[in-house]
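K.L.:
What would the 3D arrangement of this be:
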Amino acid sequence: MLPHVHIGNLEIPTYGICMVIGIMAAAIIAIIRAKRTGRDENSLIVIAACAVGLGLAGAKILYIIASYGLQKALQEMSQGNFSCFTEGGLVFYGGLIGGIGGAYIGAAIAKEKLTSYIDAVVPCVPLGHAFGRLGCFLGGCCYGMPYEGFGSVTFPAVGVNHGVFPVQLVEMVINIGIFVYLIHFTKKERGKYTVLFVYMGLYGVSRFLLEMLRGDSIRGIANGLSTSQWISIALIIVSLIPVITRLMKKKGGSAPA
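P.N.:
Presented below is the predicted three-dimensional model:
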């Protein structure tokens, strides 16, 4: 693991470096894809800026809720202690939810229809996320369950001296796979939100299963499932809406007059 990079007297967290690289890579590819379809580059920059800004806020808020608990966090803030904002990390699902909301706000500011940019942007989300998971691996967070087999790793800098499963790297590879698939998927014209629903379904299923391989304790557990597993279930259900709607239309169309 490599939690920090030292440049002179500066100590820079590798997670932050990976996150910045991921955001830049995703943004550049999204802009290239948008320009190829005749979309306005400046509008996309506004949408992306709002999505990233609210995404980071959402990721931090969900981290605070999952690790501190909302009641405890509010109590500490009422006493003037805001350390929950400066300590700890981010939760991707909070970033995804905040990012979607931010994208809508950005589209409204740019006076554009968000649906015109979805096919260009959504496939790039898992690419940026893949870099984030690499940052998790280098930083020693979000590690896997105890494991001593092939590929096991340790994170002594955070007190994990026993072998654990490298779940961060597995999720990184899965995200890259989803990115490649969605790039191919959007080569054909799809419905307005189709690629978003497909992404939510693919990632929701993979994240639900990957959570079973996690070994870190700061995740929030409710009724035997982690916070991310509950959100994964919600995403999977939402991703099935187009399928259910299509089946209902077919059923309605086949009914006798």
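K.L.:
roughly how far apart are the residue nearest the centre of the chain and residue 75?
P.N.:
When CA atoms, centre = their mean is applied to the chain, the residue found nearest the centroid is residue 92 (3.9 Å). Going from residue 92 to residue 75 by CB to CB, to the nearest Å gives 26 Å. (Glycine included, C-beta is placed from N, CA and C.)
K.L.:
Next: residue 179.
P.N.:
Distance of residue 179 to residue 75, given as CB to CB: 41 Å.
K.L.:
Which of these two has more residues huddled nearby?
P.N.:
More neighbours surround residue 179 than the other of residue 179 and residue 75, with 22 against 12 (other CB atoms under 10 Å).
K.L.:
Contacts only, for that one.
P.N.:
For residue 179, the contacting residues are 123-124, 126-127, 130, by CB atoms under 8 Å, 6 or more residues apart in numbering.
K.L.:
can you name the two of those that are farthest apart?
P.N.:
Farthest pair in the contacts of residue 179 (CB to CB) is 123 and 130. Separation: 12.1 Å.
K.L.:
What ranges does the stretch 51-200 of the chain have for its helices?
P.N.:
Secondary structure of the stretch 51-200 of the chain (DSSP state H, counting those that start in this stretch): helices at 70-78, 83-86, 92-110, 118-121, 125-139, 167-185, 194-210.
K.L.:
where does the strand or helix carrying residue 246 sit relative to the chain's centre, distance-wise?
P.N.:
Element membership for residue 246 (DSSP states H and E) is helix 241-253. Centroid displacement of helix 241-253 relative to its chain, using CA atoms, centre = their mean, to the nearest Å, is 29 Å.
K.L.:
what residues does it touch?
P.N.:
Residues contacting helix 241-253 (CB under 8 Å, 6+ apart): 191, 193-194, 197.
K.L.:
Any chance of TSV for these, columns neighbour count, distance to residue 250 and pLDDT?
P.N.:
Shown next, in TSV, are the contacts of helix 241-253 (neighbours: other CB atoms under 10 Å; distance: CB to CB, whole Å; pLDDT from 0 to 100):
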residue	neighbour count	distance to residue 250	pLDDT
191	12	15	75
193	16	19	86
194	17	17	90
197	20	18	93
